[in-house]
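1. following is a predicted model, sequence given first.
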Amino acid sequence: MNINKKIGIAIILLAVAMFVLGMSLFSYQGPALNPVISKIGMWSFLLWIPTIILGAILIFIGKSKK
């Protein structure tokens, strides 16, 4: 397995984790939520799509170098 493919898979797993974390933090309306944590959730939710695209590109590059 090529290093680009391994990194691509890791980045896609990171994107999935960002999506789950972003959804849970951004949609939480509890009284004790720090505004910084809410902003982190917002940015995680917004940036998971470019992250998953980057991972797919790296996997494609890893497959094409064989």
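-> Okay, I see it. Numbers count the residues shown, from 1 in each chain.
2. any weak-confidence spans in this structure?
-> For the chain, the stretches with pLDDT under 70 are 28-30, 65-66.
3. check which helix or strand the residue nearest to the spatial centre of the chain maps to.
-> The residue lying closest to the centre of the chain (C-alpha atoms, centre = their mean) is A15, at 1.9 Å. Per DSSP states H and E, A15 falls inside helix 3-26.
4. what's that helix in contact with?
-> Applying C-beta atoms under 8 Å, 6 or more residues apart in numbering, the contact partners of helix 3-26 are 37-38, 40-49, 51-52, 54-63, 65. Glycine gets a C-beta too; all of them are placed from N, C-alpha and C.
5. list the buried residues in it.
-> For helix 3-26, a neighbour-count test (16 or more other C-beta atoms under 10 Å) marks 4-5, 7-8, 11-12, 15, 18-19, 22, 25-26 as buried.
6. nearest to A32 among the residues you listed?
-> Taking C-beta to C-beta as the measure, L25 is the one of the buried residues of helix 3-26 closest to A32, at 12.8 Å.
7. quick check: the gap between that closest one and V36.
-> Distance of L25 to V36, given as C-beta to C-beta, to the nearest Å: 10 Å.
8. could you look up the SS state of L33?
-> coil (DSSP: H, G, I helix; E, B strand; the rest coil).
9. give me phi/psi at it?
-> phi -90, psi 130 (degrees, to the nearest 10).
10. count of neighbours near A32?
-> Neighbourhood size, A32 [other C-beta atoms under 10 Å]: 6.
11. how near is N2 to L54?
-> Applying C-beta to C-beta, the value for N2 to L54 is 16 Å.
12. check which helix or strand T51 maps to.
-> T51 is part of helix 35-64 when elements are defined by DSSP H and E.
13. next, the buried residues of that helix.
-> For helix 35-64, a neighbour-count test (16+ other C-beta under 10 Å) marks 41, 44-45, 48, 51-52, 54-55, 58-59, 62 as buried.
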